[in-house]
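Peer 1: structure here, sequence nowhere to be found:
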């Protein structure tokens with residue numbers, strides 16, 4: 001039966017959709033950031049990955065942390081930033097949600113179990129060291145997330161920049 005709901009569902013299936021990723025600022029008891037060195041791209045990164053079909057954001061973040069680092073019991077906290085990456089970067093638009101996340105127990109880098117096919121190394125680093133290791137626009141995205149973490153706002157970004165600072169489409 002063709003109902004308004006089924007027509008809407010059919011219409012929505014035909015719309016282009018961005019990929020969705022979820023990342024986290026995870027800290028140790030000394031307030032250092034957990035950073036990872038992925039094998040599939042240059043530069044260091046923060047914990048996270050892509051959201052799979054029918055998966056909510058906290059579940060995706062917990063799954064990625066467990067799969068890539070053996071980090072269980074990661075609780076998703078406050079949303080710090082949303083970055084809308086244009087298709088120019090990776091050939092397809094991407095929405096990245098960055099959360100504060102909290103392990104359910106103290107974590108040391110040497111206790112992590114790295115998924116060797118994705119992660120070459122993981123360590124806790126102070127903010128300055130972490131930012132220096134990140135490629136652009138990740139550096140800008142994490143810097144905005146850190147600023148949001150210290151404040152009471154959520155950063156909304158386009159390609160790592162506040163929308164007013166980003167270039168207009170086609171520029």
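Peer 2: Great, that's in hand. Predicted, not measured: the structure shown is a model, and the values here were computed from it.
Peer 1: residues near the residue lying closest to residue 78 once chain neighbours are set aside, how many?
Peer 2: Nearest non-adjacent residue to residue 78, counting by CB to CB, 6 or more residues apart in numbering: residue 100, 5.0 Å away. C-beta coordinates here come from the backbone N, C-alpha and C atoms, glycine included. The number of residues packed near residue 100 is 17, by other CB atoms under 10 Å.
Peer 1: next: residue 123.
Peer 2: Counted with other CB under 10 Å, residues neighbouring residue 123 total 19.
Peer 1: helix or strand: which one has residue 117?
Peer 2: Using DSSP states H and E, residue 117 maps to neither a helix nor a strand.
Peer 1: re the thing from before, surely the residue nearest to residue 78 and residue 81 touch.
Peer 2: No: using CB atoms under 8 Å, residue 100 makes no contact with residue 81, being 10.3 Å away.
Peer 1: if we can go back for a sec, mind listing the strands the host helix or strand of the residue nearest to residue 78 pairs with, and their directions?
Peer 2: Using DSSP H and E, residue 100 falls within strand 94-102. Strand 94-102 has the following strand partners under DSSP bridges: strand 19-26 (parallel), strand 75-85 (antiparallel).
Peer 1: which positions in the shortest one come out as buried?
Peer 2: What it means is strand 19-26. If you call a residue buried by 16 or more other CB atoms under 10 Å, then strand 19-26 has these buried ones: 21-26.
Peer 1: what does that strand contact?
Peer 2: Residues outside strand 19-26 that contact it (CB atoms under 8 Å, 6 or more residues apart in numbering) are 33-34, 45-51, 57, 60-61, 64-65, 71, 74, 76, 80, 92-103, 107, 142, 145-146, 149.
Peer 1: next secondary structure after it?
Peer 2: Following strand 19-26 in sequence order, the next helix or strand is strand 33-38 (DSSP H and E).
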